[in-house]
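Participant: Dropping the sequence and predicted coords here.
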Amino acid sequence: MTASRSLLSPQLPVALSARGQIDAFLAMDVMREAAAREAAGQSVLHLEVGQPAAPLPETARKAAERALAKEADKLGYTEALGRPSLRARIARHYKERHGLDIAPERIVITTGSSAGFILSFLALCDAGARIALPAPGYPAYRNIVRALDMVPAEIALKAESRWVLSPEALLEEHSVKPLSALLVASPNNPTGTVMQPEAQKALARAAEDAGIAYISDEIYHGLVHEGAEESILAATDKAVVINSFSKYFCMTGWRIGWMVIPPELVRTVERLQQNLFICAPALSQIVAEAVFEDTPALEEIKAGYARNRARLLESLPKIGFRDILPADGAFYIYADVTPFSNDSRDFAATVLQETGVAITPGVDFDLERGHRYVRLSFAGAETTIAEAVSRLGDHLKG
């Protein structure tokens, strides 16, 4: 008994895992601060997170209502790989949108894209493995890699290459110390850059020849405003694709996504899913299958994003922002703020405090150069974006 009490003694320090000491996801920190200000009565405009303001479309909403009313007793565990009907519907989606024949057996339903990243890294890489991550890029890549006791190898993207990772830059990093995997997003978060099909194919060939596993983040597919959109699956069957219902399909809070994986990985990923997540939420899977029928409504929402994008691309340079990155796709503007500040974190905090406009500092996406940039999401309502521009303009001119 004495030993038990001593083990629970508050005087004894608790050892913390080094793997848990990862950086905060600053966009979420900004969201928390913005919500606190909102609760205190401040008028806040949310441009900090990549979350569609549009509600769940009608067909999907009605599917949720029916499931809760008539099938609530059936909303238990599903197969670890997901409901067969949803996997088949996603396979049909690839045929309809991309002209690709993807076997439903290769599709895994996940708890958002976040679970897809974890499953991919664990299926392909051992502890200590180096994973190439273009920078700027989504911060959770880097933080998940570290939490899994792997090593993020960030490769700085360059303006002269339109912020696209080249095969040469990948192989140069591989020559320094071997890479196990590469994770590339197109469209990219935060830059919005869309890789052209030939560039994508060249990068996939280089990775394959070097023995580097290719993971393609395609969660912003459907949201391309300039250029061509093509899945990496058009170039190779060996890549792992991660996608999500959060962005184009407006289902962020439902936490539902999918993977397309090579046949030889299916059983490995299934075992990992069984033990780590069991399955994605059953209700979310039902709604996800239905949302494919809401394409007309989703395209209207996308048209609103395009109008928001046009407004920001026209207005931000007029109020002093410069060097705006491509913004070909997704719903972000990544802009240089050095005319106002050399500390994007301080700049974002000041803007939130003084104007109520919540934006994300670039250090979230690029540890080396992000102090020069901020990311603004234009996934909100058109009235929100217009008011945000007005407030920012008044603040910066004042």
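Facilitator: Structure received.
Participant: dump the residue contacts of residue 144.
Facilitator: With contact set as C-beta atoms under 8 Å, 6 or more residues apart in numbering, residue 144 has these partners: 114, 117, 118, 121. In short, each C-beta sits where N, CA and C put it, glycine included.
Participant: List phi and psi for residue 45.
Facilitator: Main-chain dihedrals, residue 45, degrees, to the nearest 10: phi -110, psi 120.
Participant: what about it, how many neighbours?
Facilitator: Neighbour count of residue 45, defined by other C-beta atoms under 10 Å: 25.
Participant: What of residue 210?
Facilitator: With neighbours defined by other C-beta under 10 Å, the count for residue 210 comes to 15.
Participant: For it, which non-adjacent residue is spatially closest?
Facilitator: residue 174 (5.4 Å; C-beta to C-beta, 6 or more residues apart in numbering).
Participant: How far off centre is the strand or helix carrying the one you found?
Facilitator: Taking DSSP states H and E as the criterion, residue 174 maps to helix 167-176. In terms of C-alpha atoms, centre = their mean, to the nearest Å, the centre of helix 167-176 is set 24 Å apart from its chain centre.
Participant: Buried residues, that helix. List them.
Facilitator: Going by neighbour count (16 or more other C-beta atoms under 10 Å), the buried part of helix 167-176 is 167, 169, 170, 173, 174.
Participant: now the end-to-end length of stretch 189-204.
Facilitator: Across stretch 189-204, the terminal residues are separated by 20 Å (C-alpha to C-alpha, to the nearest Å).
Participant: and it, which residues are buried?
Facilitator: Within stretch 189-204, the residues that count as buried by 16+ other C-beta under 10 Å are 189-197, 199-204.
Participant: Filter these down to the ones in strands?
Facilitator: The strands, defined by DSSP state E, take in nothing from the buried residues of stretch 189-204.
Participant: Okay, strands next: where are they in the chain?
Facilitator: Ranges of strands in the chain, per DSSP E, are 45-46, 107-110, 130-135, 151-156, 181-185, 213-217, 240-244, 257-260, 332-336, 357-358, 360-361, 373-377.
Participant: Show the average pLDDT along the first one.
Facilitator: I take that to be strand 45-46. Taken as a whole, strand 45-46 has a mean pLDDT of 98.
Participant: Can you list the helices and strands that that strand packs against?
Facilitator: The contact analysis (3 or more C-beta pairs under 8 Å, 6 or more residues apart in numbering; DSSP states H and E) places strand 45-46 against strand 357-358, helix 382-397.
Participant: winner for burial among those?
Facilitator: strand 357-358 (a mean of 24; mean count of other C-beta atoms under 10 Å).
Participant: Given that one, what are its sheet partners and their directions?
Facilitator: Strand pairing for strand 357-358, using DSSP bridges, gives strand 45-46 (parallel).
Participant: How far does the partner strand sit from its chain's centre?
Facilitator: Its chain's C-alpha centre and that of strand 45-46 lie 19 Å apart, by C-alpha atoms, centre = their mean.
Participant: Name the surrounding residues that touch that strand.
Facilitator: If you take C-beta under 8 Å, 6+ apart as the criterion, strand 45-46 is touched by 31, 34, 356, 357, 358, 377, 380, 384, 387, 388, 391.
Participant: Then stretch 88-107?
Facilitator: 81-82, 84, 87, 230-231, 233-234, 258-263, 266, 289, 292.
Participant: and if we set it to 7 Å?
Facilitator: Around stretch 88-107, the neighbours that count as contacts under C-beta atoms under 7 Å, 6 or more residues apart in numbering are 87, 231, 233, 234, 258, 260, 261, 263, 266, 289, 292.
Participant: any chance you could map the helices in the stretch 51-200 of the chain?
Facilitator: Assigned by DSSP state H, counting those that start in this stretch, the helices in the stretch 51-200 of the chain fall at 58-70, 84-98, 112-124, 139-147, 167-176, 197-210.
Participant: among these, which is the most enclosed?
Facilitator: Stretch with highest mean neighbour count among the helices of the stretch 51-200 of the chain: helix 112-124 (a mean of 22; mean count of other C-beta under 10 Å).
Participant: what sits up against it?
Facilitator: 110, 131, 140-141, 144-145, 148, 150, 180-181, 213, 215, 219, 240, 242-244, 246, 255-257, 259, 265, 268-269, 272-273, 277.
Participant: sorry, back to before: for the helices and strands packed on strand 45-46, which one sits closest to residue 330?
Facilitator: Among those, helix 382-397 comes nearest to residue 330, with 14.9 Å by C-beta to C-beta.
Participant: picking that back up, now restrict the contacts of helix 112-124 to buried residues only.
Facilitator: Buried residues within the contacts of helix 112-124, counting neighbours by 16+ other C-beta under 10 Å: 110, 131, 140-141, 144-145, 148, 150, 180-181, 213, 215, 219, 240, 242-244, 246, 255-257, 259, 265, 269, 272-273.
Participant: same question for the longest helix seen in the chain, mean pLDDT?
Facilitator: Using DSSP state H to define each element, the chain has its longest helix at helix 295-318. What helix 295-318 shows for mean pLDDT is 97.
Participant: If you count neighbours, what's buried in that helix?
Facilitator: 295, 297-298, 301-302, 304-305, 308-309, 311-312, 315-316.
Participant: which regions of this structure lie under the pLDDT threshold?
Facilitator: Residues of the chain meeting the criterion pLDDT under 70: 1-13.
Participant: Reformat the contacts of residue 144 as TSV; add distance to residue 362.
Facilitator: Below are those laid out as TSV (distance: C-beta to C-beta, whole Å):
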residue	distance to residue 362
114	22
117	21
118	25
121	25
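Participant: Residue 348: which of those is nearest?
Facilitator: When these are compared against residue 348 (criterion: C-beta to C-beta), the nearest one is residue 114, at 23.4 Å.
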